[in-house]
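Asks: sequence first, predicted coordinates after that:
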Amino acid sequence: MIGRWRGNRTNRVQRTGPLAAIRTPPRAGVLSCRVLDPVNEPVAHAEFAVSDALGRKVVTGETDPFGSFLATVPAGEYRVAASAEGYTPYLASAVVAENSLASLGDVTLQVARPPELPRAGEWEIDPTHSSIAFTARHIGLARIHGRFNTFAGAARVADPMERSAMHVVIDAASIDTNVALRDQHLRSADFLDVTRFPTLEFYSDRFVHKGGARWAVTGALTLHGVTRTVTLDTEYLGLGNGVEGEVRAACRATTELHRDDFTVSWQAMLARGIAAVGPSIVIDLDVQLVPKG
């Protein structure tokens, strides 16, 4: 359960001042709110979702740099959810009257308790419940979605967590975009050159807590024989239990790679003016770890 709906804090007033300039369609009104943190500072980019009585989303968006949210909606009853990274979601009900302002006023988000960290010790990636995926642009138009099917990894979880380390090895030949001819090309000397460089490797011993469930994991990525520093923007999802009762730790991570940094340039095609793959590739990881041994 996220929480419970808190009251029905709605003001039905005629709009004056700056709001008087907002023109609403017939049978519509304005819903507003300002989101603050526990020390009364505005929370910028907090996510908002306004749903009708049947649970259908009517409006979604973010607060502005001053923590404010404003939306024109059909007159009716709504449920409003506000959330931000590191805070407990806020839920409320509102009634929006025709040609009126319904204001929730100032809403304070409480700091969320971060999920429990895994115990110190040796952990390993469960490849059955993990994935390493990527997205790239194809000839500047459509997106290519792919994954690496074979990989292994281990993590040494320390106390404190910031002293942890991890090592991941990926089989380059296991690249899979669901198109056999394209996959053969990706494995060739034009791209990954898997004969000369059979693996991709990532090693990190720098874990930085960014607040809440967010971590930055910075390390060295070796791809195509070139090593560069890469930072994974990581969300730690907490601990759980598998079907056999084993403890598992889960996280999601993403980063963006620039293929020229790893000398992956497809020179033959570029010489003919064909940009077969865009300059950047987005990597998405879903990882589950289990205690080693």
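Replies: Received it, and whenever you're ready, just let me know what you need.

Asks: in the stretch 101-250 of the chain, where is pLDDT below threshold?
Replies: Within the stretch 101-250 of the chain, the stretches with pLDDT under 70 are 137-141.

Asks: all strands of the stretch 151-293 of the chain, in order?
Replies: Ranges of strands in the stretch 151-293 of the chain, per DSSP state E, counting those that start in this stretch, are 151-157, 165-171, 175-176, 199-211, 214-223, 226-241, 247-258, 277-291.

Asks: closest one to residue 40 among those?
Replies: strand 199-211 (18.5 Å; C-beta to C-beta). Every residue, glycine included, has its C-beta placed from N, CA and C.

Asks: for that closest one, buried residues please.
Replies: Neighbour counts over strand 199-211 (16 or more other C-beta atoms under 10 Å) mark 200, 202, 204, 205, 207 as buried.

Asks: ok, back up a step: output the strands of the stretch 151-293 of the chain as a markdown table; include the columns distance to residue 119.
Replies: As requested, the strands of the stretch 151-293 of the chain are exported to a markdown table (distance: least, C-beta to C-beta, whole Å):
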| stretch | distance to residue 119 |
| --- | --- |
| strand 151-157 | 7 |
| strand 165-171 | 16 |
| strand 175-176 | 34 |
| strand 199-211 | 15 |
| strand 214-223 | 17 |
| strand 226-241 | 9 |
| strand 247-258 | 8 |
| strand 277-291 | 8 |
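
Asks: and stretch 129-137, how far out from the chain middle?
Replies: Here stretch 129-137 is found 13 Å from its chain centre; the criterion is C-alpha atoms, centre = their mean, to the nearest Å.

Asks: name the residues that touch it?
Replies: Residues from elsewhere that reach stretch 129-137, judged by C-beta atoms under 8 Å, 6 or more residues apart in numbering: 143-148, 151, 170, 248, 277-278, 280-288.

Asks: now do stretch 30-41
Replies: 15, 19, 22, 24, 42-43, 46, 48, 50, 59, 63, 66-73, 78, 80, 82, 84, 87, 90, 94, 96, 100-111.

Asks: so how far is it off the chain centroid?
Replies: That offset, for stretch 30-41, works out to 24 Å (C-alpha atoms, centre = their mean).

Asks: figure out the length between the terminal residues of that stretch.
Replies: 24 Å (C-alpha to C-alpha, to the nearest Å).

Asks: start at 578 instead
Replies: Sure thing, new numbering starts at 578, so read that last one as stretch 607-618.

Asks: quick check: mean pLDDT of it?
Replies: Averaging pLDDT along stretch 607-618 yields 94.

Asks: for it, buried residues please.
Replies: Using 16+ other C-beta under 10 Å as the test for burial, stretch 607-618 gives 607, 608, 609, 610, 611, 612, 614.

Asks: redo those as JSON lines? Include secondary structure.
Replies: Below are those laid out as JSON lines (DSSP: H, G, I helix; E, B strand; the rest coil):
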{"residue": "607", "secondary structure": "strand"}
{"residue": "608", "secondary structure": "strand"}
{"residue": "609", "secondary structure": "strand"}
{"residue": "610", "secondary structure": "strand"}
{"residue": "611", "secondary structure": "strand"}
{"residue": "612", "secondary structure": "strand"}
{"residue": "614", "secondary structure": "coil"}
